[in-house]
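Enquirer: can't give you the sequence, but here's the structure:
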């Protein structure tokens, strides 16, 4: 049987007392514990960072060029044709 302590990991950080006091004030305003506040804040920050990392952002010019390339693809050049021939020889028709 697992207990609550089996399902958590501990993280320690050394921070300036002023920063801890600020975090505690924010936690008090939210009416949650300091640990809950730090966990919630770190989770939100991590999710934002991961989301921003995984999203490709293009300016208007690049977005138009990308859409044009998808909608109007060019014919394969000789290098691509050769690569596809080698691929078929080595791996066969793998989807």
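Expert: Yep, that arrived. Here the structure is a predicted model, which means the values were calculated and not measured. Residues are numbered from 1 along each chain as shown.
Enquirer: Three-state assignment for the residue nearest to residue 76 when sequence neighbours are not counted, please.
Expert: Distances taken as CB to CB, 6 or more residues apart in numbering place residue 84 nearest to residue 76, at 7.4 Å, with adjacent residues excluded. C-beta: built from backbone N, CA, C; applies to glycine. Secondary structure, DSSP: H, G, I helix; E, B strand; the rest coil: residue 84 is helix.
Enquirer: which strands and helices sit next to the helix or strand that contains residue 46?
Expert: Element membership for residue 46, per DSSP states H and E: helix 34-54. Other helices and strands packing on helix 34-54, by 3 or more CB pairs under 8 Å, 6 or more residues apart in numbering; DSSP states H and E, are helix 17-30.
Enquirer: still on that earlier bit, distance-wise, check the residue nearest to residue 76 relative to residue 9.
Expert: From residue 84 across to residue 9, the span is 48 Å (CB to CB, to the nearest Å).
Enquirer: between the two, who's got more neighbours?
Expert: Just comparing residue 84 and residue 9: by other CB atoms under 10 Å the higher neighbour count belongs to residue 84, 11 against 4.
Enquirer: surely that one meets residue 77?
Expert: No - at 11.1 Å, residue 84 and residue 77 do not qualify as touching, with contact defined as CB atoms under 8 Å.
Enquirer: for the residue lying closest to residue 15 once chain neighbours are set aside, report the pLDDT, please.
Expert: Using CB to CB, 6+ apart and skipping residues adjacent in sequence, the residue nearest residue 15 is residue 23, 8.0 Å away. pLDDT, residue 23: 98.
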